[in-house]
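> Build me a model:
(chains A and B)
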Amino acid sequence: MNLEFPPVSHLFDWPTLWLDGTPLAVNKTVLIYLGATVVTMALFWTAGRRRDSLVPAGAQHVAESGVNFIESSVVMQTIGPEGRKFMPFLTTIFFFILFSNITEVIPLLQFPANSRMAVPITLALLVWGIYNVIGVKRQGLLGYLKNSLFPPGVPKALYVIVTPIELVSTFVVRPFSLAIRLWANMVAGHLLLVTFAILSATLWDSTYAGAAVPFAMLILMTGFEILVSVLQAFIFTILTAVYIGGSMHPAH
Amino acid sequence: MKRTIRLLAAALGTGAAAVLAGASPAGAAETIGGCVFEKVIEAEETYGSLHTIENGPKDDLEKFEDGLGDCVEAPSPILPEVDEIIWGGAAFLILLAFMTWKGFPMVKRAMDARADKIRADLDSADQAKADAQRTRSEYEARLAEAREEASRIIEEARDRALRLERDLQARAEAEIADQRARAAADIEAGRRQAVADLRSEVSAIAIGAAERVVEAGLDTERHRRLIDGYIDEVAEDRG
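Numbering: from 1, shown residues only, chains lettered A, B, ... in the order given. Below is the predicted model:
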């Protein structure tokens, strides 16, 4: 039995298909991002055009459930009615991340595009920019800094500890934690699936029956990764909403 | 039409999947050993043999060793690639623009329209229910009125019938009494007439009998026979 596990980087670094050597090089990851954009557009276009049925079905059901879910479970829970104006942004984030993640379990594709750092960090920095701009616009630069770095209700002596923590947490760590959480989960999921797939194939070649356990785990993990894909999209979206809500309504 | 669109979408999807699946890099199935083997083959094709590199210029050896090192040291998976940032960022911004301008408002409008329709339907259902209840109440009121009216009519009819019965009875009784009185008067008149007739008849008879008696000079026996004979004669004449 010869278990050949490829180097970890080879599972994520895809070769260029077109425009090699340019900053616009296209590889599998890029195609998945573009695919996620096209699928989301098609979903909402189809859903928005069908108004005849009283009970939504198909694309309409998926899009409307997503919108309802984001409105009731994300926006209303974190920002409140005022946050409805961010619904298009949050809905876009949710579906874009979801469709970039879910390719992990789609046969033939089998790769989560967000296991590459590009989009998680881009989106996280975009979110960072947005919530800081909102904070400054709503509270003024000084007010925003004061509320962020000197949280009300904390004993003044503790500001010595709290303020540096808040500074690093709010302005430095947040975008990276947001990006790394998504990226690391997708990397881990992809590694798990690859591990069990390779183990199954190798054991099938040598023992047949021995492949049953890793194959069962592969099926189990595939189901689990569907959950993770949705969950990570939700977590990224809700944290974005929490950060925006925090900038809009400073703690009193 | 829908079928054609679906078939087209399925074909496009399959095509895209095939392209992506074909995009599996050699690396996806590559091992470190495979990579080293490829580098060795490349070096042998370039330099003739590995000994040539070993004994050749130091630069060639370092280049070969760096190449082998690349097999082990792949790029860090956490560092984002510029091309992926550009494409991913552009894809997201395009999607965000579409969603803000068209996608989200379309779905939201559809949802609001349906919510409005459901609300309107519920309102109209409530209205219809209220109307039905009002109509029912009206019908029940009318039914109660009708029942009351019917009872009143029956009662009146009963009273009227009773009065009529009494009237008729009184009239019949008066009629009977009247007829009875008239009959009694008629009987009385008949009786008087009969008595008068009888009296005049008897008088005539008596006169006729007296005339015979006077003509014959009669004893008692003869007297009786004459009278009886005269009566028989009169009776035969009238018979």
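
> Check the stretch 1-150 of chain A for the residue nearest chain B and tell me.
Residue nearest to chain B within the stretch 1-150 of chain A (Cβ to the nearest Cβ): A:G48, separated by 2.5 Å. No exception for glycine: its C-beta is placed from N, CA and C like everyone else's.

> how many other residues sit next to that residue?
Using other Cβ atoms under 10 Å in any protein chain shown, A:G48 is surrounded by 22 other residues.

> Next, give phi and psi for it.
phi -70, psi -20 (degrees, to the nearest 10).

> now it: how far from B:A110?
In this structure, A:G48 and B:A110 are 6 Å apart, going by Cβ to Cβ, to the nearest Å.

> that older thread, the residue of the stretch 1-150 of chain A closest to chain B and B:W101 touch, don't they?
No. Taking Cβ atoms under 8 Å as the definition, A:G48 is not a contact partner of B:W101, at 11.7 Å.

> and the longest helix seen in chain B, average pLDDT?
If you go by DSSP state H, chain B has its longest helix at helix B:104-216. The average pLDDT within helix B:104-216 is 90.

> distance between it and the chain's centre?
With Cα atoms, centre = their mean, to the nearest Å as the basis, helix B:104-216 stands 42 Å off its chain's centre.

> Say whether chain A is contacted by that helix.
Yes. Helix B:104-216 lies within reach of chain A by Cβ under 8 Å from any Cβ of the partner chain, at B:104-111, B:113-114, B:117-118.

> continuing past that helix, what's the next helix or strand?
Downstream of helix B:104-216, the next assigned helix or strand under DSSP states H and E is helix B:220-238.

> Mind listing what's buried along that next one?
For helix B:220-238, the neighbour count (16 or more other Cβ atoms under 10 Å in any protein chain shown) marks B:226-227, B:230 as buried.

> same deal with stretch A:104-115?
A:104-106, A:109-115.

> Show me what the strand or helix carrying A:L220 is packed up against.
Assigned by DSSP H and E, A:L220 falls within helix A:212-248. Using 3 or more Cβ pairs under 8 Å, 6 or more residues apart in numbering or on different chains; DSSP states H and E, the elements in contact with helix A:212-248 are helix A:76-78, helix A:87-101, helix A:118-139, helix A:174-206.

> Can you say which of the ones you listed is packed in most?
The highest mean neighbour count among these, using mean count of other Cβ atoms under 10 Å in any protein chain shown, belongs to helix A:87-101: a mean of 25.

> and that helix, anywhere near chain B?
Yes. If you take Cβ under 8 Å from any Cβ as the test, helix A:87-101 does meet chain B, through A:87-89, A:91-92, A:95-96.

> For A:I106, give me phi and psi.
With angles defined as degrees, to the nearest 10, A:I106 sits at phi -90, psi 120.

> if I look at it, how far off is B:S151?
Distance, A:I106 to B:S151, by Cβ to Cβ: 81 Å.

> circling back to that earlier point, among the buried residues of helix B:220-238, find me the one that's closest to chain A.
Comparing these against chain A with Cβ to the nearest Cβ places B:Y230 closest, at 129.1 Å.

> quick one: that closest one and B:I207 touch, right?
No. Between B:Y230 and B:I207 there is no contact under Cβ under 8 Å: 10.7 Å.

> Show me chain B divided up by domain.
B:30-75, B:85-197, B:198-238 (automatic domain parsing).

> what residues are up against whatever residue of chain B ends up closest to chain A?
In chain B, the residue that lies nearest chain A is B:M106 (2.5 Å; Cβ to the nearest Cβ). Applying Cβ atoms under 8 Å, 6 or more residues apart in numbering or on different chains, we find B:M106 in contact with A:44-45, A:47-49.

> ok, now A:A124?
Taking Cβ under 8 Å, 6+ apart, we find A:A124 in contact with A:174-176, A:178-179.

> Now with 6 Å, please.
By Cβ atoms under 6 Å, 6 or more residues apart in numbering or on different chains, A:A124 lies in contact with A:175, A:178-179.

> any chance of these in TSV, plus distance to chain B and pLDDT?
Shown next, in TSV, are the contacts of A:A124 (distance: Cβ to the nearest Cβ, whole Å; pLDDT from 0 to 100):
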residue	distance to chain B	pLDDT
A:P175	13	94
A:L178	14	96
A:A179	9	97
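
> and of those residues, the nearest to B:E175?
A:L178 (118.4 Å; Cβ to Cβ).

> Skip the chain neighbours and tell me the closest residue to the closest one.
Leaving aside its sequence neighbours, A:L178 sits nearest to A:A124 (Cβ to Cβ, 6 or more residues apart in numbering or on different chains; 4.1 Å).

> Reformat the domains of chain B as a markdown table; add distance to A:L227.
Putting the domains of chain B into a markdown table (distance: least, Cβ to Cβ, whole Å) gives the following:
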| stretch | distance to A:L227 |
| --- | --- |
| domain B:30-75 | 30 |
| domain B:85-197 | 24 |
| domain B:198-238 | 141 |
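
> Pick out the residue closest to the middle of chain B.
Centroid-nearest residue in chain B: B:A132, 10.7 Å away (criterion: Cα atoms, centre = their mean).

> Verify the assumption that A:G21 is located in a helix.
No. Going by DSSP: H, G, I helix; E, B strand; the rest coil, the assignment for A:G21 is coil, not a helix.

> can you pull the contacts of it?
With Cβ under 6 Å, 6+ apart, A:G21 has no contacts at all.

> Look up how far A:S169 lies from it.
A:G21 sits 40 Å away from A:S169, going by Cβ to Cβ.

> Alongside chain B, which residues does the stretch 51-200 of chain A contribute?
By Cβ under 6 Å from any Cβ of the partner chain, the residues of the stretch 51-200 of chain A that approach chain B are A:51, A:63-64, A:67, A:88, A:91-92, A:96, A:108-109, A:116-119, A:121-122.

> Return the member of these nearest to B:R171.
Within those, the smallest distance to B:R171 is 84.7 Å, found for A:R51 (Cβ to Cβ).

> before we move on, the earlier item: now the residue of the stretch 1-150 of chain A closest to chain B, nearest residue through space, not along the chain?
Excluding the flanking residues, the one nearest A:G48 by Cβ to Cβ, 6+ apart is B:M106, at 2.5 Å.

> hang on, the earlier thing: how about CSV for the buried residues of helix B:220-238, with distance to A:F224 and pLDDT added?
Output for the buried residues of helix B:220-238, formatted as CSV (distance: Cβ to Cβ, whole Å; pLDDT from 0 to 100):
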residue, distance to A:F224, pLDDT
B:L226, 163, 77
B:I227, 159, 77
B:Y230, 158, 79
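
> which of these come close to chain A?
With Cβ under 6 Å from any Cβ as the criterion, the buried residues of helix B:220-238 include none near chain A.
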